[in-house]
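Trainee: Generate a structure from the sequence data that follows.
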Amino acid sequence: MLPSHSRPRFAPGAAVCCARAFGGLRGAASQRPDARLWTVSRRGSANRASRVVVCYYRGVGRRSNFIRRDDWNALPAQSCASCSPPLLLPQPMVIAMHRVGLSLAILALAAAPARADWPQFRGPTGQGIAEAAPLTWSEDSGVTWKTPLPGRGWSSPVVADGQIWLTTAVETPPNAQQQEETKAKFADHPVGGEMGSAGAIDLSAIQIDFETGEIVRTVPLFHVESPQAIHGLNSYASPTPVLADGKCYCHFGAFGTARVDCASGEVDWRQTLSLDHIVGPGSSPAVFEDLLIIPCDGADEQYVAALETSNGKIAWHTPRPPIRATDGDLRKAFCTPLVINVDGAAQAVIPGAQWFIAYDPRTGRELWRVDHGDGFSNVPRPLYDGRNVFLCTGFGRQAGLLAIDPRGSGDVTETHVTWREDGKRISTQPSPVLVGDRIYMINDTGVASCYDASTGAEKWRKRIAGNYSASLLAVDQRVYFFNREGVTTVIAAGDEFDEITKNTLDGSIMATPAAVGGDLVLRTDTHLYRIIGVPPAARLGMK
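Mentor: Residues are numbered from 1 along each chain as shown. Modelled structure (predicted):
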């Protein structure tokens, strides 16, 4: 018989673990994406107490199938990387037993999710797609660890090699003169009453151990006296770092960019790119081969730069096309590049005020552009489904979502726009997500909507409570929405709105979580969480 520490534990989530039921286990229910139809429980009379698993799963049937405990214990052990203690056997799976003869058939429906890295904003693909993630959690359930964070920052956590990296800003309060200068500068600005400043800021990178939640080191990167003011919803550490080849690339907009060696914590180089954000930094960088691509769309100047990853020197610098608006506030943007493959060639798609533009990421040469109108302050990262690129116009008279065929050249405004949808429901901050042939999004005030990616036709629209800045996450056939009030709403992907659950944490969620090995690494305004979706005590009790 296998030792107790090796016995499978039951863990709800996108990748549902198999569970053994010994004597006292009754009615443990997992929630697979499709989801509430999957149940694991012990069935039968008392003389069947040693028989174990019943799995109900859509597509396999709703038939009770049993396996004896001794037969289960004879199964070969295979590690499941997403569970702790490790589970046996791949997950999710169906265990089928013929009642007559008790012959065993194990149908492995999907392999266990390995602990994949989450190296950049919105994950490996940059589009918010995860193989697995927990479904339910709270402050009292599913939290492996919770670590207080110094300073303030909305950068998303990035993860590689068992280590988490994020950035933060420790602010010194402004003196009376600095407060008056900020007030005077923004007296006539539309959001002047929401602007704030700091006397000085210390910008750092923080390394945290994935397993324990302990802070490994804090790496000081920049000290800035009298920094530019920022909007009250922003932070001085909002851009998300990028991990590549054992290096962490930390970007703070106009306040500086640096490369940190992940093993030693040494700073390899620092670089500064000038621009006036007006409301603070927002664009995250992207790595392409040996280049770090950085959008610099300020009120004063708009350009895209690429730094050599080895030394931080500028490899290329490409000005944006002319913009009709003369007001600097209408010329800025905060998008993150998405590098895509189009018929074997790389394109860096980088939205900006008035223009959607694709560049050759190696040289900075413009490939195509689309005039999207008067939009500005774009935040959502683009999506790509292999046919079209999907982009949001940002703020303006009316927000828009466009599908663009990226196979054109030059100004393709009249020739390569597949479809366009406009309206207040279109996101101006959270990045949308693709699940199959459907686009899911939510605007700042909580209006969620779903669109046919081929036609742009709206499938549904629904208000979800709260205000939203963090981007969406897609896990199999589920979509996660994270609001500023600390609530995560999970829905089933589909042509009708179908809410599965809500999960609440203390604090505000401004940063987009990372999904690693079936767990969530989630940052609030005060803490970093690792969430597994089922409390450790419950895991230990299910043997």
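Trainee: drop to CA atoms for contacts and neighbour counts, all remaining ones
Mentor: OK.
Trainee: wouldn't Thr240 be in contact with Ser284 here?
Mentor: Yes: the pair Thr240 / Ser284 is scored as a contact, 5.2 Å apart, by Cα atoms under 8 Å.
Trainee: Compare the two (neighbour count), which wins?
Mentor: It is Thr240, of Thr240 and Ser284, that has more neighbours when counted by other Cα atoms under 10 Å, with 31 against 27.
Trainee: Is that one part of a helix or strand, or is it coil?
Mentor: Secondary structure of Thr240, reduced to three states by DSSP: H, G, I helix; E, B strand; the rest coil: coil.
Trainee: who touches it in this structure?
Mentor: Contacts for Thr240 (Cα atoms under 8 Å, 6 or more residues apart in numbering) come out as 120-121, 154-158, 166-167, 250-251, 284-285.
Trainee: Tell me the spacing between it and Thr489.
Mentor: From Thr240 across to Thr489, the span is 23 Å (Cα to Cα, to the nearest Å).
Trainee: now do Phe390
Mentor: Remark: distance between Phe390 and Thr489 (Cα to Cα) = 24 Å.
Trainee: neighbour count winner among the two?
Mentor: A count of neighbours by other Cα under 10 Å puts Phe390 above the other of Phe390 and Thr489, at 25 against 20.
Trainee: pLDDT score assigned to that one?
Mentor: Looking at Phe390, its pLDDT reads 99.
Trainee: quick one: it and Ile404 touch, right?
Mentor: Yes: if you go by Cα under 8 Å, Phe390 and Ile404 touch, sitting 6.4 Å apart.
Trainee: Pull the number of nearby residues for Pro148.
Mentor: Counted by other Cα under 10 Å, the residues lying close to Pro148 total 15.
Trainee: Name the nearest residue to it, sequence neighbours excluded.
Mentor: Spatial nearest neighbour of Pro148, excluding adjacent residues (Cα to Cα, 6 or more residues apart in numbering): His527 at 4.3 Å.
Trainee: pretty sure Pro150 is in contact with Val170, am I right?
Mentor: Yes: between Pro150 and Val170 there is a contact under Cα under 8 Å: 7.2 Å.
Trainee: Direction included, what does the helix or strand hosting Val370 pair up with?
Mentor: Val370 is located in strand 366-371, with elements delineated by DSSP states H and E. Under the criterion DSSP bridges, strand 366-371 sits next to strand 355-359 (antiparallel), strand 410-411 (parallel) in its sheet.
Trainee: Would you mind finding the most buried of these?
Mentor: Using mean count of other Cα atoms under 10 Å, the stretch among these with the largest mean neighbour count is strand 355-359, at a mean of 23.
Trainee: before we move on, what SS does Gly193 have?
Mentor: For Gly193, the secondary-structure state derived from three-state DSSP is helix.
Trainee: ok so, going back, which residues do Pro150 and Val170 both contact?
Mentor: Counting by Cα under 8 Å, 6+ apart, no residue touches both Pro150 and Val170.
Trainee: circling back to that earlier point, C-alpha coordinates for the strand holding Val370, PDB please?
Mentor: The C-alpha trace of strand 366-371 is given here as PDB (Å, rounded to 0.1, in the frame of the first residue of the first chain):
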ATOM      1  CA  GLU A 366       6.900  50.300 -40.100                       C
ATOM      2  CA  LEU A 367       5.000  47.500 -41.900                       C
ATOM      3  CA  TRP A 368       1.400  48.800 -41.800                       C
ATOM      4  CA  ARG A 369      -0.800  51.200 -40.100                       C
ATOM      5  CA  VAL A 370      -4.500  51.800 -39.500                       C
ATOM      6  CA  ASP A 371      -6.000  55.200 -38.600                       C
END
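Trainee: tell me the average confidence for the following helix or strand past it?
Mentor: Later in the chain than strand 366-371, the nearest helix or strand by DSSP H and E is strand 383-384. Here strand 383-384 scores 99 as its mean pLDDT.
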